[in-house]
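Enquirer: okay, predicted coordinates and the sequence, questions at the end:
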Amino acid sequence: MPAVDVTAEIEIAAAPADVAAVMFDPNRDPEWVAAVKRVELIDKALQPGARVKRGATFMGHDINWTTEVQDVHFPHVLTLRIAEGPFSGTMAYQIVRQGAGSRVVIRNKGETDKLGFLPSAMIEGPMRSAMQADLARLKAIVEKK
């Protein structure tokens, strides 16, 4: 079972609260996360235990997964545990004030048995590229305001 640990980061010329207002709102995922096509809020509050079901396309395959909030400290930290889906692990968002803006980091760490035929390096490369492109879209949305 391939394990992945992928990090991407970007600087955004906005306050952490402005970044988190978009990044921590699952309804806005399709705006900035290219793979996400569908979002269903199971639990509406942004608090530990809250769940969201997402549908996406990754490497040409349709996938669905459910995340559960593991930790949240608005506007700086959101950690999601993947509760159901083809991957197991966590997605961690971190927003740190840097100068007049913010440094934004996403870290996806976990395993998959669905892509077991691929070595980790073949999963991590496209995943890192996708995450970096997602952060660029997030930056464009937040800085547009």
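Expert: Sure thing, it's come through. Numbers count the residues shown, from 1 in each chain.
Enquirer: given the one helix or strand K37 maps to, what are its sheet partners and their directions?
Expert: When elements are assigned from DSSP states H and E, K37 belongs to strand 36-41. Partner strands and pairing direction for strand 36-41 (DSSP bridges) are strand 51-58 (antiparallel).
Enquirer: next secondary structure after the partner strand?
Expert: strand 61-73.
Enquirer: what's the local residue count around N64?
Expert: 13 (other C-beta atoms under 10 Å). Any C-beta I mention is one placed from the backbone N, CA and C, and that applies to glycine too.
Enquirer: any idea how far the residue lying closest to K53 once chain neighbours are set aside lies from D62?
Expert: Closest residue to K53 apart from its sequence neighbours, by C-beta to C-beta, 6 or more residues apart in numbering: E40 at 4.3 Å. E40 is 15 Å from D62, where distance means C-beta to C-beta, to the nearest Å.
Enquirer: got the buried residues for stretch 69-81?
Expert: Across stretch 69-81, burial judged by 16 or more other C-beta atoms under 10 Å covers 69-70, 72, 75-76, 78-81.
Enquirer: nearest to V36, of those?
Expert: L80 (12.8 Å; C-beta to C-beta).
Enquirer: which strand or helix spans the spatially most central residue of the chain?
Expert: Taking C-alpha atoms, centre = their mean as the criterion, M91 is the residue nearest the geometric centre of the chain, at 5.7 Å. M91 is part of strand 87-98 when elements are defined by DSSP H and E.
Enquirer: so what strands line up beside that strand?
Expert: strand 77-84 (antiparallel), strand 101-112 (antiparallel).
Enquirer: list the buried ones in that strand?
Expert: 87, 89-95.
Enquirer: identify the residues contacting the longest helix seen in the chain?
Expert: Longest helix of the chain, by residue count under DSSP state H: helix 120-144. Residues from elsewhere that reach helix 120-144, judged by C-beta atoms under 8 Å, 6 or more residues apart in numbering: 2-10, 12-14, 18-19, 22-23, 31-35, 58-59, 104, 106, 108, 112, 115.
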